[in-house]
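1. coords please:
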Amino acid sequence: EVDEPEPEEAVEEEDCEMYLTEFIRYGEDNNPEQVMRLQLFLNLLEDENLPVDGVYGTETMEAVKRFQAKYYEEVLEPWGIDEPTGFVYLTTRRWINLMVCPELDIIMPELQARTRNRSFTPTTVREENGEVLGERDFQVYLSDYQELLDEVDPADYTEESWEAYQAVVDENTVTEENTPEEINAAVESIADAQEDLVPVEEEDEDDEDGEIVDEDIDEDEEEEERDPINWAIIAVLLLILGAIFYYLSRRK
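-> Numbers count the residues shown, from 1 in each chain. Here you go, the predicted structure:
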């Protein structure tokens, strides 16, 4: 359990150290203390009303997107992208730290995307099918990947199908270390897995259909069980009638 930082200590530290020191991303194993600092910052300086619980859920991510859109020139424009990502990365973290402590005078970081073997500047970030990708193009791949994950909500699907889907997502997690080809392959696998998700309503309908079929089967079984009983009653009645006729014939 992480103690919630005090507002005065968290946002206005006397020694003016870096307020956020780690990156924060939806769906990742984020540091709860860093997330709480982020939530506190957004509440105090951006008038958000987030729970300070250390969980980077959709509510906090949407608040980050609003922050990124508000400070577009400082956060998004350096990457050459227009749409907020919700990813607290180099430029977002930098601007948050500068807002908390302008004395830090943090310079704009060199925006690089690394491959396994080498690093490229924003003008030569990646290669796909022999073509050089700029930083903006590469970020589109990551945005497509994240948007695909954001399209589905576990509450809308059955627990069993969601667990199977989540296993596919875990196997296809991508970062800045992946190539565009790897990101595309991951997106295709995840998209296929999303098609196999079973909505909760469909399962309920299947259950209702199953209950109706079960009721029909139960009724048939009850009728089959009653049939031998009915014949036994008829046989007993015939025996009684036979005994009565025999008794009457003897009296005559």
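2. low-confidence ranges, the stretch 1-150 of the chain, go.
-> Within the stretch 1-150 of the chain, the segments meeting pLDDT under 70 span 1-15, 109-141.
3. and with 90 instead?
-> Across the stretch 1-150 of the chain, the ranges flagged by pLDDT under 90 are 1-18, 27-28, 77-82, 89-90, 102-150.
4. can you count the residues close to the closest residue to residue 72 other than its chain neighbours?
-> Once flanking residues are discounted, residue 72 sits nearest to residue 82: 8.0 Å by CB to CB, 6 or more residues apart in numbering. The way it works is simple: take the backbone N, C-alpha and C, and place the C-beta from them, glycine included. Neighbours of residue 82 under the rule other CB atoms under 10 Å: 10.
5. now do the strands in the stretch 101-250 of the chain.
-> In the stretch 101-250 of the chain, the strands defined using DSSP state E, counting those that start in this stretch lie at 113-114, 119-120, 126-128, 131-133.
6. just to revisit the earlier point, a strand runs through the residue nearest to residue 72, doesn't it?
-> No. Counting by DSSP: H, G, I helix; E, B strand; the rest coil, residue 82 is not part of a strand but coil.
7. so how far is residue 48 from it?
-> In this view, residue 82 and residue 48 are 22 Å apart by CB to CB, to the nearest Å.
8. related to what we said a few turns ago, residue 89 versus the residue nearest to residue 72, what's the distance?
-> From residue 82 across to residue 89, the span is 16 Å (CB to CB).
9. one more: residue 61?
-> Between residue 61 and residue 89 the computed distance is 13 Å (CB to CB).
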